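**Q** Task: produce atomic coordinates for the following.
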Amino acid sequence: MPVVLLSDLDLRTTGSLVNALQGQGGVAVPEVGMGATLLMYSDRAAYTVVAVKANKAGKVVEATLQEDEATRTDGNGMSDCQSYSFSRNSKGRLMTIRQTRDGKWREAYTDYDGKVRCTKTSSIVRLGMRDGHYDYTR
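**A** Predicted coordinates for the structure are as follows:
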């Protein structure tokens with residue numbers, strides 16, 4: 001695993017060191033069925049890749065994720081020490097992601113002119129793992 005320096009992390013867009021560190025790695029190319037984690041300000045939500053879209057050269061440029069059902073498995077109540085089990089949720093929220101110039105996969109949105117865009121402040125998606133966390137202090 002590569003060394004990540006604290007000075008390399010952009011802590012302006014996250015309220016969690018864990019999310020900042022998890023946003024540094026992951027799988028480069030999404031595959032259908034793969035787990036994913038949406039890294040928000042201080043929360044995390046588990047997703048599954050349900051579709052991928054490739055360009056004419058065969059490079060995956062976009063993926064559709066669906067939010068999983070997360071069930072707390074610990075008995076810690078309103079605590080930062082949380083563990084979850086995850087299962088597929090066919091009615092979960094759908095989200096489109098695209099890879100940005102910095103190599104990170106981010107949530108995409110459709111602009112007023114109909115163009116699909118991502119910004120540096122869009123939530124980062126970590127591919128290859130499912131994780132959940134709810135920050136009760138917000």
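**Q** contacts, neighbours, all on C-alpha from now
**A** Will do.
**Q** Enumerate the residue intervals of this protein where per-residue confidence is below the cut-off.
**A** Applying pLDDT under 70 to the chain picks out residues 1-27, 120-122, 138.
**Q** what ranges do the helices span in the chain?
**A** 17-22 (DSSP state H).
**Q** How far does stretch 50-68 stretch from one end to the other?
**A** 11 Å (Cα to Cα, to the nearest Å).
**Q** meant to ask about stretch 41-59
**A** By Cα to Cα, the extent of stretch 41-59 from end to end equals 30 Å.
**Q** buried set for it?
**A** Going by neighbour count (16 or more other Cα atoms under 10 Å), the buried part of stretch 41-59 is 41-50, 52.
**Q** Report the contact partners of residue 106.
**A** Residues near residue 106 by Cα atoms under 8 Å, 6 or more residues apart in numbering: 97-100, 118-119, 122-125.
**Q** Can I get those residues in JSON lines including neighbour count?
**A** Compiled in JSON lines, these are given as follows (neighbours: other Cα atoms under 10 Å):
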{"residue": "97", "neighbour count": "26"}
{"residue": "98", "neighbour count": "23"}
{"residue": "99", "neighbour count": "20"}
{"residue": "100", "neighbour count": "16"}
{"residue": "118", "neighbour count": "19"}
{"residue": "119", "neighbour count": "11"}
{"residue": "122", "neighbour count": "17"}
{"residue": "123", "neighbour count": "21"}
{"residue": "124", "neighbour count": "24"}
{"residue": "125", "neighbour count": "28"}
